[in-house]
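Asks: Pasting the sequence and the predicted coordinates here, then a few questions.
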Amino acid sequence: MNTNFLDVIKTRRSCRSYKTEQITDEELQAVLEAGTYAPTSMGMQSPYIVAVQNPAQRQQLAAMNARILGTPSNPYYDAPTYVLVFAPEDANNPIYDGSCVMENMMLAAHAIGLASCWIHREREMFASEEGKSLMKQWGLPDGLMGIGGLALGYSLKELPEPKPRKDGYFRIIK
């Protein structure tokens, strides 16, 4: 486990190739819990997190996302777990709140030895009737929008080293 926070930030990379082995319940719980500690507008904790390990539902989600992307491949890279983040459309800052949840989960995953990749198109997926039906099956309230998804699992290969940071990325004004 890597617990030096700045090292975790500097070494996390997106993974696009996963082992078929499912992550442990303890690992999943740690990642999900990290998401619940993300900052949210006015501390309202408006996002919802759904972890999907069911093979049939993962296949359905991959097909939905692939249709939007226009590809025959699995946009979740065949990861054994998908983690989806939703937020109420009428929340103060649904996209920012959900994005903070996503980032917390990616950093936590990396800290405990898991790999992840932020997946897009959940907004379109869950605006569809098929997506709304899934949200209803999962017991989510009406009025949510998809923020993003994580492919989550064990990396099949070594992740790349970070690219050098660009010059002038930040400025300090005193």
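Replies: Received, thanks.

Asks: Which helix runs longest in this structure?
Replies: helix 94-111 (DSSP state H).

Asks: how about the helices of this structure, start to end?
Replies: Ranges of helices in the chain, per DSSP H, are 5-11, 25-36, 55-69, 94-111, 122-125, 129-137.

Asks: ok, back up a step: need the residues that contact the longest helix of the chain.
Replies: 1-3, 8-9, 11-12, 27, 30-41, 44, 46-47, 49, 83, 85-88, 91, 115-116, 118, 145, 147-148, 150, 152 (CB atoms under 8 Å, 6 or more residues apart in numbering). Yep, even glycine has a C-beta here, placed from its N, CA and C like the rest.

Asks: Quick check: closest non-adjacent residue to Gln22.
Replies: Nearest non-adjacent residue to Gln22, counting by CB to CB, 6 or more residues apart in numbering: Pro80, 4.6 Å away.

Asks: ok now do that neighbour, which residues does it touch?
Replies: Counting by CB under 8 Å, 6+ apart, Pro80 touches Tyr18, Lys19, Thr20, Glu21, Gln22, Ile23, Gln53, Leu152, Gly153.

Asks: Show me which of the residues you listed are buried.
Replies: Buried members of the contacts of Pro80, counted by 16 or more other CB atoms under 10 Å: Tyr18, Ile23, Leu152, Gly153.

Asks: Quick check: phi and psi at His120.
Replies: Main-chain dihedrals, His120, degrees, to the nearest 10: phi -100, psi 180.

Asks: That'll do, ta.
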